[in-house]
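**Student:** have a look at this fold, sequence not included:
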């Protein structure tokens, strides 16, 4: 089994798609650190002066009227949570730099989803190219046990995704921390950011397994990329429907993207209208980390099982 795994690892690392994907991912992650630098940089004196005037004016309005604003919102059908008017913070008005934990959490989220899409394409191409070119049939003449071949290829795709996820977390947390320190800002909430980056490995791993199974089932890299783009479009459509359809809101805990977000954020919330229409006041519900892990565990297990059944019976000659 070890020599089969070694051969699959060499094959994955030798592919141009793998190299191009990793280089592109690294370049985009490095460029995003410019945004992090902008967020944690102290504002200029001119910006502070202009923002201070706007902030002082709004703060006076908030102190005089925020209770009335909240009451009007509740009378209009909103929930107390939705209608809450928090006290304006100086950082929201450009008077202070963004805290490290806020800037780094944005960078971690960006890295997780960008890295996930990258490993999806790499893992899909890894198996789909062998099917479409016929090299898989040649490989099975050397290792005729399909179970060993399937497990080795899946293990290499999953291991690659896991490694990418780990390196992304280390790079994002480290680079964001270095930039923040160079800007003279404190590393607020770094423990929470490290924990978030560690959880972010799991969504990247899930994307890699999804990509491998999609590539195996479609037998085409192009079709797999189409599935990925279709999924992104589906997320966009569902998010729009959630503003206008109660049934879409009630399906939120079963949506893959919300469960991924719950894993990354150690739980998340979603709103559901309390009545038959979206105009009724909303109720905020929680989606926990354990539920999200169970959701994705069952989903990936079922997909791997279907992929194995197809692979075992597929004619690859």
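**Tutor:** Sure thing, it's come through. Values in this document were obtained by computation on a predicted structure and should not be read as measured data. Numbers count the residues shown, from 1 in each chain.
**Student:** which residues of the stretch 1-150 of the chain fall in helices?
**Tutor:** Along the stretch 1-150 of the chain, counting by DSSP state H, counting those that start in this stretch, helices occupy 2-14, 16-40, 45-75, 80-83, 100-133, 135-142, 146-182.
**Student:** relative to residue 223, which of those helices is closest?
**Tutor:** Between residue 223 and these, the tightest spacing by C-beta to C-beta is seen for helix 100-133, at 7.8 Å. To be clear about C-beta, it is placed using only N, CA and C from the backbone, and glycine gets the same treatment.
**Student:** tell me the mean pLDDT for that closest one?
**Tutor:** Helix 100-133 shows a mean pLDDT of 91 in the predicted model.
**Student:** kindly report the same for stretch 286-293.
**Tutor:** Averaged across stretch 286-293, pLDDT comes to 91.
**Student:** now for residue 291: which residues touch it?
**Tutor:** Contacts for residue 291 (C-beta atoms under 8 Å, 6 or more residues apart in numbering) come out as 253, 259, 262.
**Student:** distance-wise, check it relative to residue 135.
**Tutor:** 41 Å (C-beta to C-beta, to the nearest Å).
**Student:** and if you look at residue 22?
**Tutor:** For residue 22, the distance to residue 135 equals 22 Å [C-beta to C-beta].
**Student:** try residue 120
**Tutor:** Counting by C-beta to C-beta, the gap from residue 120 to residue 135 is 21 Å.
**Student:** picking up where we left off before, among the helices of the stretch 1-150 of the chain, which is nearest residue 235?
**Tutor:** helix 100-133 (10.6 Å).
**Student:** the inter-axis angle of that closest one versus helix 16-40?
**Tutor:** Orientation check (axes from the mean of the first three to the mean of the last three C-alpha atoms, to 10 degrees): helix 100-133 against helix 16-40 gives 170 degrees.
**Student:** show me the contacts for the nearest residue to residue 185 once chain neighbours are set aside.
**Tutor:** Once flanking residues are discounted, residue 185 sits nearest to residue 40: 5.2 Å by C-beta to C-beta, 6 or more residues apart in numbering. Contacts of residue 40 were listed using C-beta under 8 Å, 6+ apart, and they are 97, 98, 99, 100, 103, 179, 180, 183, 185.
**Student:** for residue 40, give its distance to residue 197.
**Tutor:** 17 Å.
**Student:** for residue 268, same thing?
**Tutor:** Noted for residue 268: a distance of 17 Å to residue 197, by C-beta to C-beta.
**Student:** cool, residue 302 as well?
**Tutor:** Distance from residue 302 to residue 197, by C-beta to C-beta: 28 Å.
**Student:** surely residue 270 is in a strand?
**Tutor:** Yes. According to DSSP: H, G, I helix; E, B strand; the rest coil, residue 270 belongs to a strand.
**Student:** quick one, helices of the stretch 201-317 of the chain?
**Tutor:** 221-241, 246-250, 256-265, 289-313.
**Student:** which of those has the lowest average pLDDT?
**Tutor:** Lowest mean pLDDT within these: helix 246-250, at a mean of 75.
**Student:** now do the buried residues in it.
**Tutor:** In terms of neighbour count (16 or more other C-beta atoms under 10 Å), helix 246-250 has its buried residues at 246, 248, 249.
**Student:** need the contact list for the second one.
**Tutor:** Residues in contact with residue 248, defined by C-beta under 8 Å, 6+ apart, are 238, 241, 242.
**Student:** how much space separates the nearest residue to the last one once chain neighbours are set aside from residue 295?
**Tutor:** What it means is residue 242. Spatially, and ignoring its direct neighbours in sequence, residue 242 is nearest to residue 248 (4.7 Å; C-beta to C-beta, 6+ apart). For residue 248, the distance to residue 295 equals 18 Å [C-beta to C-beta].
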